[in-house]
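*Asks:* from the sequence below, what's the structure:
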Amino acid sequence: MMLLHEERSINGKQAATLPQGHILKGRYSDVLRSEKGKVKGIRLQTSDQEYAVKLPKYLRPMLVRELELGAFIQVWAYPDGVAWDAVNILPLPPSEVDALGLGALPTQASQMRSSRTCVQVCRKGSCCKRGSGELWRALQQEVETNPEFQEVDLEATGCLKACKQGPNLRLPSTGEVISWASPKDAPAVLAHISKLARQRTQYGLCEIK
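*Replies:* Okay, here's the model as predicted:
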């Protein structure tokens, strides 16, 4: 279950009055960010308008790891003054997608999705005992709060065959394995990944997940 909070409509107007328990159906069209560039939630495009939907801090990692840009979803929401509190979010059945009449993603959004890059964190055996959980949380924190790392996705993976050097990370775009990683290394690791992603984009080699 995903708990969300809908802040306001994109055009600056208050959200339209909807009955309690209304299900908003639409497409995850973009990431919602603060003025400082921090991830706050999602933008949901319905058949009527686009909404800004805030996620609680403990669910923002799910946005980074699981919710794909352009996904069609349904959000069960309750009114809270001029805002909306969502108590659940589920995939929208394919049979209902066409009825929305939203069409394909805009070109810019498609480019955003294709320009994302990934870092895999071993969560098995020795790496787990050596602190891969703490490393994962440190990477999550950086991705959520640092605007420079917003296009990086985290992915749990199995053994990377370097157990004695754990915790271990792997960059799927290059196959590079980073060993002996620690939570304090999170900013440097993500900066390295972002640099590689920019270089790949420059030469037309964007990683497509």
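*Asks:* for stretch 145-165, buried residues please.
*Replies:* 146, 149-154, 157, 160, 162-163, 165 (16 or more other C-beta atoms under 10 Å). In this view, the C-beta of every residue, glycine as well, is placed from N, C-alpha and C.
*Asks:* ok, residue 126 touching residue 163?
*Replies:* Yes: using C-beta atoms under 8 Å, residue 126 is in contact with residue 163, at 3.9 Å.
*Asks:* list the contacts of residue 26.
*Replies:* Contact analysis of residue 26 by C-beta atoms under 8 Å, 6 or more residues apart in numbering lists 44-47, 51, 72-73, 75, 92, 100, 102.
*Asks:* columns secondary structure on top of those residues, output as CSV?
*Replies:* As requested, the contacts of residue 26 are arranged in CSV below (DSSP: H, G, I helix; E, B strand; the rest coil):
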residue, secondary structure
44, strand
45, strand
46, strand
47, coil
51, strand
72, strand
73, strand
75, strand
92, coil
100, helix
102, coil
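*Asks:* now, which of those residues sits nearest residue 66?
*Replies:* Closest approach to residue 66 among the contacts of residue 26 (C-beta to C-beta): residue 73, at 11.2 Å.
*Asks:* how near is that closest one to residue 48?
*Replies:* Taking C-beta to C-beta, to the nearest Å as the measure, residue 73 falls 16 Å from residue 48.
*Asks:* do residue 156 as well
*Replies:* Residue 156 is 37 Å from residue 48, where distance means C-beta to C-beta.
*Asks:* what do you get for residue 27?
*Replies:* 13 Å.
*Asks:* who has more neighbours, the two?
*Replies:* Using other C-beta atoms under 10 Å, the more surrounded residue of residue 27 and residue 48 is residue 27, with 25 against 11.
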